[in-house]
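>>> Provided below are the primary sequence and the corresponding predicted coordinates.
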Amino acid sequence: MKPAGANKVPSKSPMNNDGPKKSCLSEIQRMQRERDERRRNMELAKQERLAEEARNREMGTPGDVDFQRMIRNYREKEAPPEQQHQPSEDMKICICVRKRPISQKEIKRKDYDSVTCANPLVVVHDCKLKVDGISKYLDNTPFEFDHTFSEFDNTDDIYLCSVQPLVDFVTSGGRATVFAYGQTGSGKTFTMQGVQKFVAEDLFALIDAMDSPIQVYVSYFEIYGGRCQDLLNNRNRLNVREDGSGEVVVSDMLEVVADSAATLQSIIDTGNRNRTTHATESNDESSRSHAICQIALKHGSTDQLLGRFSLIDLAGSERGADTKSHNRQRRMEGAEINKSLLALKECIRALDSNSTHVPYRASKLTLVLKDSFTNRKSRTVMIATVSPAASSADHTINTLRYADRIKERVVGGQQAKNAAAAAAAAAAGINASPSVQALANNIPQPPRGNEDDDDEAMLFAGDEDEDPSTVSAFHKTVSDLFEEEEDLLNLHMSVIQENAELLTEEGRLLQSIQGENNDIDTYATRLDQILTRKQQLIDVLQQKLDHFRRSLQKEETYSKQIASQPAVKPGAGQAAAGRGKVPVPGKGR
């Protein structure tokens, strides 16, 4: 018999029932607290962001709050200290960068400053989103130049550091050239006009202090669409030729004598008013020509050239995206501008490296400036102007890349290593090849064959942004178009003039046959000759027109091929300028 209670099952303790429930409840409460904390932090961050956005609006800097904060933090914590500007008196080539202030037009469309200047560095902050489309980061692209000027520096500062030393250099027999380069609306024309004013004042102040009689002659012309036009003489067409002695001559160009700084400034102002401008995608009034103001100093009695000062306001550059809706005329202008700018870069680089060959024949601009590139006593200043707007960051990078490539820098002592290697080979009795010897001297080999063709081919050999063969063919087609257009217009004018003469003769012939002289055979013979000649003129003009229209179609085809090529990220392959990414998580736009 079983004892009492033997069949009872022992009951579980209360701890076994309540433990898991309490653990689960605690976890839910913890998650609730964390969720509430995140919501409070998000609300607080939202309020702080709205407050910061309101402060930015009050300060006149609306736009993306997160990107502006990231740029501000970079300037406060990572930007290097700014160095003092030193006058570039002995520099053969001086490269300057000027950043203009943000404009009211840009502020209205909520654009903001994305360029940091700390002489001699300039950093472009390209504001981007990560692949997730939410996280924001800065793609920082730094460059280093001889001088970097921020929006707080005025034109006087730029002039004193880079251009003023050239005034004394010119009066001592030198050839000085100052270029202003940049995208449309970046302030290059404003900068150049200020430089022109200071040059006029200092030049006459220095001449008045000299004993020798010096006459100042001024010429001002523009290169527009491959053609030269005199800005001081009713925009008359000028012809640029190279004579038998190799001197470049601009025929029929008007040179005006200036006897004071005020007169010189008045002449320059006249030329500035006559310059060609057109509306583009980027600017309502874009400079579409290269304006070249040349101030020649000549001896008063012998008329011998002593020195020359060239002040050149280059045409505004544009991105391919900015020309997508242009008509053919704007496209051809843009192609000619880009070709001349590329030729200018190669000429200045050749000047800097003491190259034995300067490709000045590659464009009309560099041909006109041959004396500035080939004269041994020459100096050049390039002022690159950039827009601070974040929307123009890619174009700003392109401008700085162009300026950075003008002045070559030897990295890591490679030149000395090459020279040592060549010397060792010579000591061992090994004859270095011409290419090896040129590498040791850091001097490129001069091209062989037709110099005009080689000069133009050099321009596109190292262009990594687009297919060089297509770009070269496009620019060649555009150059031919300008020449064919000129030939067509001249032929058309000649045909009109000869037709007018034939029409006059027809009238006399008809009057003669209706009068006393009724020799119908002579009338018929001469009328047949006149009609045959008219038909010949029409046929020649028609053939010329058909050929010109085929060239227009070819230009259209190449233009579409270039536009369809995939875009290359600005700054890709930049050896001299590094890149740093500052990832900062944040909310989307």
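Yep, it's here. Residues are numbered from 1 along each chain as shown.
>>> Measure how buried Thr263 is and give me the count.
Applying other Cβ atoms under 10 Å, we find 16 other residues in the vicinity of Thr263. Every residue, glycine included, has its C-beta placed from N, CA and C.
>>> Quick one: residues contacting it.
When contacts are counted by Cβ atoms under 8 Å, 6 or more residues apart in numbering, Thr263 is found next to no other residue.
>>> so how far is Glu53 from Ser172?
Using Cβ to Cβ, to the nearest Å, one obtains 57 Å as the distance from Ser172 to Glu53.
>>> should've said Arg175
Applying Cβ to Cβ, one obtains 54 Å for the distance of Arg175 from Glu53.
>>> more neighbours, those two?
Neighbours per residue (other Cβ under 10 Å) separate Arg175 from Glu53, with Arg175 holding more: 23 against 15.
>>> What segments of the stretch 201-350 of the chain are strands?
214-224, 227-230, 237-242, 248-251, 256-258, 277-278, 286-287, 290-299, 305-313 (DSSP state E, counting those that start in this stretch).
>>> Make a markdown table out of those and add distance to Tyr558 and mean neighbour count.
Shown next, in a markdown table, are these (distance: least, Cβ to Cβ, whole Å; neighbours: other Cβ atoms under 10 Å):
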| stretch | distance to Tyr558 | mean neighbour count |
| --- | --- | --- |
| strand 214-224 | 22 | 22 |
| strand 227-230 | 22 | 20 |
| strand 237-242 | 26 | 14 |
| strand 248-251 | 30 | 14 |
| strand 256-258 | 41 | 17 |
| strand 277-278 | 22 | 16 |
| strand 286-287 | 23 | 24 |
| strand 290-299 | 23 | 22 |
| strand 305-313 | 29 | 22 |
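>>> do you know which of the ones you listed lies nearest Lys188?
Shortest distance between Lys188 and the strands of the stretch 201-350 of the chain, using Cβ to Cβ, is found for strand 305-313: 6.3 Å.
>>> from the chain's centre, how far out does the closest one sit?
For strand 305-313, the separation from the chain centroid amounts to 22 Å (computed by Cα atoms, centre = their mean, to the nearest Å).
>>> could I have that strand exported to PDB, CA atoms only?
Once side chains and other backbone atoms are set aside, the C-alpha atoms of strand 305-313 remain, and they are given as PDB (Å, rounded to 0.1, in the frame of the first residue of the first chain):
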ATOM      1  CA  LEU A 305      61.000  98.500 -80.400                       C
ATOM      2  CA  LEU A 306      62.300  98.500 -76.800                       C
ATOM      3  CA  GLY A 307      59.700  96.400 -75.000                       C
ATOM      4  CA  ARG A 308      56.200  95.100 -75.300                       C
ATOM      5  CA  PHE A 309      53.400  94.600 -72.700                       C
ATOM      6  CA  SER A 310      50.600  92.200 -73.800                       C
ATOM      7  CA  LEU A 311      47.400  92.200 -71.700                       C
ATOM      8  CA  ILE A 312      45.100  89.400 -72.900                       C
ATOM      9  CA  ASP A 313      41.600  88.700 -71.700                       C
END
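>>> Tell me who's in contact with the residue nearest to Gly226 when sequence neighbours are not counted.
By the measure of Cβ to Cβ, 6 or more residues apart in numbering, the closest residue to Gly226 outside its immediate chain neighbours is Phe482, 4.0 Å from it. Applying Cβ under 8 Å, 6+ apart to Phe482 gives the contacts Gly225, Gly226, Arg227, Met332, Glu336.
>>> Can you tell me which of these has the most neighbours?
Using other Cβ under 10 Å as the neighbour test, the contacts of Phe482 are led by Glu336, with 27 neighbours.
>>> quick one: low-confidence parts of the stretch 1-150 of the chain?
Per-residue confidence of the stretch 1-150 of the chain (counting by pLDDT under 70) places the weak regions at 1-19, 21.
>>> can you give me the helices for it?
Secondary structure of the stretch 1-150 of the chain, counting by DSSP state H, counting those that start in this stretch: helices at 14-58, 65-77, 104-108.
>>> Let's have those in CSV, adding distance to Asp519.
Conversion of those to CSV gives the following (distance: least, Cβ to Cβ, whole Å):
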stretch, distance to Asp519
helix 14-58, 93
helix 65-77, 91
helix 104-108, 77
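>>> most packed of those helices?
Stretch with highest mean neighbour count among the helices of the stretch 1-150 of the chain: helix 65-77 (a mean of 17; mean count of other Cβ atoms under 10 Å).
>>> give me the element the residue nearest to Gly226 is part of.
Using DSSP states H and E, Phe482 sits in helix 468-513.
>>> Just name whatever secondary elements the next helix or strand after that helix is in contact with.
The first helix or strand that comes after helix 468-513 along the chain, using DSSP H and E, is helix 520-564. Using 3 or more Cβ pairs under 8 Å, 6 or more residues apart in numbering; DSSP states H and E as the contact criterion, the secondary-structure elements in contact with helix 520-564 are helix 328-352, helix 468-513.
>>> Widest-spaced pair of the contacts of Phe482?
Distance extremes for the contacts of Phe482: the farthest pair is Arg227 and Met332 at 11.7 Å, using Cβ to Cβ.
>>> on that earlier part again, take the strands of the stretch 201-350 of the chain and write them to JSON lines, including mean pLDDT and distance to Arg508.
JSON lines is the format used below for the strands of the stretch 201-350 of the chain (pLDDT from 0 to 100; distance: least, Cβ to Cβ, whole Å):
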{"stretch": "strand 214-224", "mean pLDDT": "92", "distance to Arg508": "43"}
{"stretch": "strand 227-230", "mean pLDDT": "90", "distance to Arg508": "39"}
{"stretch": "strand 237-242", "mean pLDDT": "87", "distance to Arg508": "35"}
{"stretch": "strand 248-251", "mean pLDDT": "87", "distance to Arg508": "39"}
{"stretch": "strand 256-258", "mean pLDDT": "94", "distance to Arg508": "48"}
{"stretch": "strand 277-278", "mean pLDDT": "68", "distance to Arg508": "47"}
{"stretch": "strand 286-287", "mean pLDDT": "67", "distance to Arg508": "52"}
{"stretch": "strand 290-299", "mean pLDDT": "93", "distance to Arg508": "50"}
{"stretch": "strand 305-313", "mean pLDDT": "93", "distance to Arg508": "55"}
